[in-house]
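Visitor: Test case, fold it:
(one chain, ligands or ions: 1)
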Amino acid sequence: MQYIIDSAHLSKIKKCVEFYPIDGVTTNPTIISKEKTDFLKLITDIKDVIGPDKMFHIQTTSSECNMIVEEAKRLREIIGENFYIKIPISADGLKATDICKKEGINVTMTAIFTQQQALIGAKAGADYVAPYINRLDSIVSDGVHVVEEIVNLFKIHDIKSKVLAASFKNIEQIHKTALVGGHAVTINPDLFENLVYHPLTLYAIDDFEKDWEGVYGNKKILDLIK
Ligand code: G3P
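Guide: As a prediction, the model looks like this:
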């Protein structure tokens, strides 16, 4: 499963890239706006931090097909390899997806809330479809169940598009998405840190250190095998 960071916060992205096995970064207009900074500098800085091999998904701010395609082309020129234009599903968005794919631009169809939206987005050529898990859960739907059915639909119809689940608020949602075969999850950096944290892990590490120091003091392995 691919782990992606849903953020435009440069120092948090830097930390995630340095320490965690992440596959890329996703943003949307809300996430970008939170940084209150120059857009072009921000996206080029993020690209410099994540490097050429990780995916960078940037969402269009246009709703009309030709404008979406023009934004995608210009962003692809700026970002280069592994750029994905995120396009919210709509009639214009679907047409823009088809055109972008013919231009060789990767597409993530976003703001997906139903299985049929995902299927149609995939049929238009989207590389990823992005269902919003917590926003579904918040309307007494079941985000993970929607992911499960999209994954199954893609299997049944031999569709190559992947499910990039988004909008997570807790670890349970991420874990259940993984269990039902979600291909990728995009998670904000704070929640990602919680994924690797457990208090019992810290207790265990503390015990190892105390036991070791009881016999070897402050010497480390390297001091003993020189
Ligand atoms: O880009 C989609 C995702 O980031 C939405 O998350 O937390 O605003 O529901 P959220």
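
Visitor: contacts, neighbours, all on C-alpha from now
Guide: OK.

Visitor: residues contacting the residue lying closest to Ala8 once chain neighbours are set aside?
Guide: With sequence-adjacent residues excluded and distances taken as C-alpha to C-alpha, 6 or more residues apart in numbering, Ala8 is closest to Ile32, at 5.7 Å. Counting by C-alpha atoms under 8 Å, 6 or more residues apart in numbering, Ile32 makes contact with Ser7, Ala8, Phe39.

Visitor: could you list every residue that touches whichever residue of the chain sits closest to the ligand?
Guide: For the chain, the residue closest to the ligand is Ser167, as judged by C-alpha to the nearest ligand atom, at 3.4 Å. Ser167 sits next to Pro131, Tyr132, Ile133, Asn134, Arg135, Thr186, Ile187 when contact means C-alpha under 8 Å, 6+ apart.

Visitor: let's see 6 Å
Guide: Contact partners of Ser167, counting by C-alpha atoms under 6 Å, 6 or more residues apart in numbering, are Tyr132, Ile133, Asn134.

Visitor: possible to save those as a markdown table with distance to Leu195, pLDDT and secondary structure?
Guide: Output for those, formatted as a markdown table (distance: C-alpha to C-alpha, whole Å; pLDDT from 0 to 100; DSSP: H, G, I helix; E, B strand; the rest coil):
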| residue | distance to Leu195 | pLDDT | secondary structure |
| --- | --- | --- | --- |
| Tyr132 | 19 | 98 | strand |
| Ile133 | 17 | 98 | helix |
| Asn134 | 17 | 97 | helix |
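
Visitor: Where neighbours are concerned, which of the residues you listed has the most?
Guide: Counting neighbours by other C-alpha atoms under 10 Å, Ile133 leads those with 25 neighbours.

Visitor: Give me every residue in the chain that's in contact range of the ligand.
Guide: Asp6, Asn28, Arg135, Ala166, Ser167 (C-alpha under 6 Å from any ligand atom).

Visitor: Show me where the chain has its helices.
Guide: 10-19, 29-34, 39-50, 65-79, 91-102, 115-124, 133-137, 143-156, 171-179, 189-196, 199-216, 221-224 (DSSP state H).

Visitor: export the ones you listed to JSON lines and tack on distance to His57?
Guide: As requested, the helices of the chain are exported to JSON lines (distance: least, C-alpha to C-alpha, whole Å):
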{"stretch": "helix 10-19", "distance to His57": "14"}
{"stretch": "helix 29-34", "distance to His57": "11"}
{"stretch": "helix 39-50", "distance to His57": "10"}
{"stretch": "helix 65-79", "distance to His57": "10"}
{"stretch": "helix 91-102", "distance to His57": "14"}
{"stretch": "helix 115-124", "distance to His57": "16"}
{"stretch": "helix 133-137", "distance to His57": "18"}
{"stretch": "helix 143-156", "distance to His57": "20"}
{"stretch": "helix 171-179", "distance to His57": "19"}
{"stretch": "helix 189-196", "distance to His57": "16"}
{"stretch": "helix 199-216", "distance to His57": "33"}
{"stretch": "helix 221-224", "distance to His57": "43"}
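
Visitor: can you tell me which of the ones you listed comes nearest to Gln2?
Guide: helix 171-179 (9.7 Å; C-alpha to C-alpha).
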